[in-house]
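Trainee: Here you go, sequence then predicted model.
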Amino acid sequence: MMAVSIPVVVNQQQQKKHTADKFSKAVGAYAEHANVQKRAATALLKKIANVESNHPMGEVCVDIGAGPGVNISQLKQHFAQVYAVDLSFEMLKLANSSTASLCADMDALPLLSNSVDVIFSNFAVQWSSNLAELLQELNRVLKQKGRVYLSCVVDGSLAEIATAFAKVDQQSHVNSFHSVAQLKKYSAKAGFIINSCDQVCYQDAYQSPMAALRSLKAIGATNQLGTQKRQGLLTRHALQQVCAAYPLTDKQAVVSYQVVLMELTKV
Ligand SMILES: C[S@@+](CC[C@H](N)C(=O)[O-])C[C@H]1O[C@@H](n2cnc3c(N)ncnc32)[C@H](O)[C@@H]1O
């Protein structure tokens, strides 16, 4: 049996709890499976190295959706104070004990307005319950001329998974993601200048469709409850159908993520 989504009505608090639980459960396997996340983080950190050498050290940086704190030590090379924020307490527990951590919801940051110099966020903001409002929230906590370096999963992602599940039923089994155009619109409306915005397709390849499906679970990327879905069970027969319908490339089951890398400045 395997998890699949069936419709039910949920509120936002339930959705947040569901997200936190899912990432907390993924803690053990996360670092091993988060290859695509590492590549996006490397690209963002490269942007930081290019831009931040022009700014004086001694600044406050907040890593939003920091997960197990995999990017903190590199951020500390550029910023004097680095804080990790995540909804999942279990994820934060894995971060280095010398890191100041805040178990909080990115959509309602318990941070003072105009208090942060730089926001870093890798592979997390797509979990926001309202991306337009989140960008306003990031703008609020940043000081004037503060910078944001973020990567966000956008539409067109997990296309192979969608194709495979389409054989079984009419339900969407992958999260619905925002478009690049929406992300740009929300950023500008929140009061940011968009210094750069690059779309990249990151792919992971697995030996079998089953391994590809399991990888999503290992990084907590299974379907979001916010779209009025909840976990149910996929029968063995349906799972076989999904695996048989999974499109293979050179006999490998590829999982594709469309990711936008953005660098923003508060006007
Ligand atoms: C895919 S992981 C990325 C972790 C890390 N940034 C990295 O580069 O590997 C996404 C993280 O976002 C966190 N997250 C999801 N929704 C959140 C929310 N509303 N507020 C804060 N963190 C959230 C999850 O708990 C998870 O640790």
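Mentor: All right, it came through fine.

Trainee: For the rest of this, base every contact and every neighbour count on C-alpha atoms.
Mentor: Noted.

Trainee: Quick one: low-confidence residue ranges for the stretch 51-200 of the chain.
Mentor: 57-58, 172-173 (pLDDT under 70).

Trainee: Would you state the helices of it in chain order?
Mentor: 72-75, 89-94, 131-141, 159-166, 180-190 (DSSP state H, counting those that start in this stretch).

Trainee: Reformat those into TSV and put distance to the ligand next to each item.
Mentor: Formatted as TSV, these follow (distance: least, C-alpha to the nearest ligand atom, whole Å):
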stretch	distance to the ligand
helix 72-75	9
helix 89-94	6
helix 131-141	10
helix 159-166	17
helix 180-190	17
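
Trainee: which stretch among the ones you listed comes nearest Ala211?
Mentor: In terms of C-alpha to C-alpha, the element of the helices of the stretch 51-200 of the chain nearest to Ala211 is helix 159-166, at 11.9 Å.

Trainee: Outside of stretch 182-194 itself, list whatever touches it.
Mentor: Here stretch 182-194 makes contact (C-alpha atoms under 8 Å, 6 or more residues apart in numbering) with 131-133, 135-136, 139, 262-267.

Trainee: interface residues of the stretch 1-150 of the chain facing the ligand?
Mentor: 20, 23, 37, 41, 65-67, 70, 86-88, 91, 104-107, 121-124, 127-128 (C-alpha under 6 Å from any ligand atom).

Trainee: and with 5 Å instead?
Mentor: By C-alpha under 5 Å from any ligand atom, the residues of the stretch 1-150 of the chain that approach the ligand are 23, 65-67, 86-88, 105-106, 122-124, 127.

Trainee: out of the contacts of stretch 182-194, which are buried?
Mentor: Buried members of these, scored by 16 or more other C-alpha atoms under 10 Å, are 131-133, 135-136, 139, 262-266.

Trainee: re the thing from before, Thr249: which of the helices of the stretch 51-200 of the chain is closest?
Mentor: helix 159-166 (10.4 Å).

Trainee: Just the terminal-to-terminal distance for stretch 120-127.
Mentor: This stretch, stretch 120-127, spans 15 Å end to end (C-alpha to C-alpha, to the nearest Å).

Trainee: what comes into contact with that stretch?
Mentor: With C-alpha under 8 Å, 6+ apart, stretch 120-127 has contacts from 37, 40-41, 44, 61-66, 131, 148-154, 177-178.

Trainee: So among the residues you listed, which ones count as buried?
Mentor: Of the contacts of stretch 120-127, these count as buried by 16+ other C-alpha under 10 Å: 37, 40-41, 44, 61-66, 131, 148-154.

Trainee: What is the burial count for the nearest residue to Gly65 once chain neighbours are set aside?
Mentor: Among residues not flanking Gly65 along the chain, Asp86 sits closest, at 4.5 Å (C-alpha to C-alpha, 6 or more residues apart in numbering). For Asp86, the tally of surrounding residues (other C-alpha atoms under 10 Å) stands at 24.

Trainee: Confirm for me that Asp86 is in contact with Gly67.
Mentor: Yes: between Asp86 and Gly67 there is a contact at 6.1 Å, judged by C-alpha atoms under 8 Å.

Trainee: any residues in contact with both of the two?
Mentor: Common neighbours of Asp86 and Gly67 (C-alpha under 8 Å, 6+ apart) are Leu92.

Trainee: contacting residues for Asp155?
Mentor: 176-180, 258.

Trainee: how close does it sit to His237?
Mentor: 29 Å.

Trainee: Would you map the strands across the stretch 151-267 of the chain?
Mentor: 192-206, 229-234, 248-249, 252-266 (DSSP state E, counting those that start in this stretch).

Trainee: All set now, cheers.
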